[in-house]
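> I would like the atomic coordinates for the input below:
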Amino acid sequence: MSGDHHPSELSEGEVRSRAIESILREKGVLHGAAIDEIIDIYTNDIGPLNGAKAIARAWCDPEFKDRLMADATAAVRELGIGGFESEHLVAVENTDTLHHVIVCTLCSCYPWAVLGLPPRWYKDAPYRARVVREPRAVLGEFGTELPADVEIRVMDSNAEVRYFILPKRPKGSEGMSEEQLAGLVTRDSMVGVTVLPDLEPSATAR
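Numbering: from 1, shown residues only. Reported below is the predicted structural model:
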């Protein structure tokens, strides 16, 4: 993979956002705690909702799933998800025998449009280096233990291809609405560092 896809550690958008944040801090408009809270909300709640909606639709609608796997950029656009960071999306599916995990080894390319802001660990050098060399060990640190016969495939994103994962649908989720299913999907399951737990039989009776 050529380094030409990664001209710098920070994208133009990240450079601008940091500059704006610095100015607002200097003028006393924003404080560190407030910024951290906003970032946390967009990282863990608001951002990943787009991806969760796409995943839930794919679980419920086989034709949409086919379109998602064939052209994820066009498929998520059907759900109103667009913009620069939604370009070049590629969806890959986790199954009983194959588990994908996403990384960007040269910087931190990330499908913002469907996953929100990247978590700090995704951008850290140890994750970017180790998940390629020892993916099982890294997943284990996230509490994800996979059977030995499950192949782990590391997908290396770059400026031209941004991966996100269609997780395995939890057993016991049959009969749940699309909205309920979206509520099961997490950011980390769409990055591949965790799997979605199967549900107790009573979970679908809500």
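> So which helix or strand of this protein has the lowest pLDDT on average?
In the chain, the helix or strand scored least confidently by mean pLDDT, DSSP states H and E is helix 32-41, which has a mean of 57.
> Can you name every helix or strand that the helix or strand just after that one contacts?
Toward the C-terminal end, the helix or strand that comes next after helix 32-41 (DSSP states H and E) is helix 47-60. With contacts defined as 3 or more Cβ pairs under 8 Å, 6 or more residues apart in numbering; DSSP states H and E, helix 47-60 has these neighbours: helix 62-70, helix 72-77, helix 112-115, strand 162-166, helix 178-182, helix 187-191. For the C-beta atoms, the positions are set from N, CA and C on the backbone; glycine is no exception.
> Buried residues of helix 47-60, list them for me.
If you call a residue buried by 16 or more other Cβ atoms under 10 Å, then helix 47-60 has these buried ones: 47-59.
> now swap in stretch 130-138 and tell me
Burial within stretch 130-138, assessed by neighbour count using 16+ other Cβ under 10 Å, is assigned to Val131, Pro135, Val138.
> before we move on, what about stretch 135-148?
By neighbour count, and taking 16+ other Cβ under 10 Å as the criterion, the buried residues in stretch 135-148 are Pro135, Val138, Leu139, Thr144.
> Show me the residues you listed that map onto strands.
Mapping the buried residues of stretch 135-148 onto strands (DSSP state E) picks out no residues; all lie outside.
> In TSV: those, plus pLDDT and distance to Pro167.
Supplementary listing: the buried residues of stretch 135-148 in TSV, determined by pLDDT from 0 to 100; distance: Cβ to Cβ, whole Å:
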residue	pLDDT	distance to Pro167
Pro135	98	16
Val138	98	17
Leu139	98	13
Thr144	98	11
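> Which members of the residues you listed occur in helices, if any?
Cross-referencing the buried residues of stretch 135-148 with the helices (criterion: DSSP state H) gives Pro135, Val138, Leu139 as the overlap.
> if I pick the first one, what's in contact with it?
Think Pro135. With contact set as Cβ atoms under 8 Å, 6 or more residues apart in numbering, Pro135 has these partners: Val101, Ile152, Val154.
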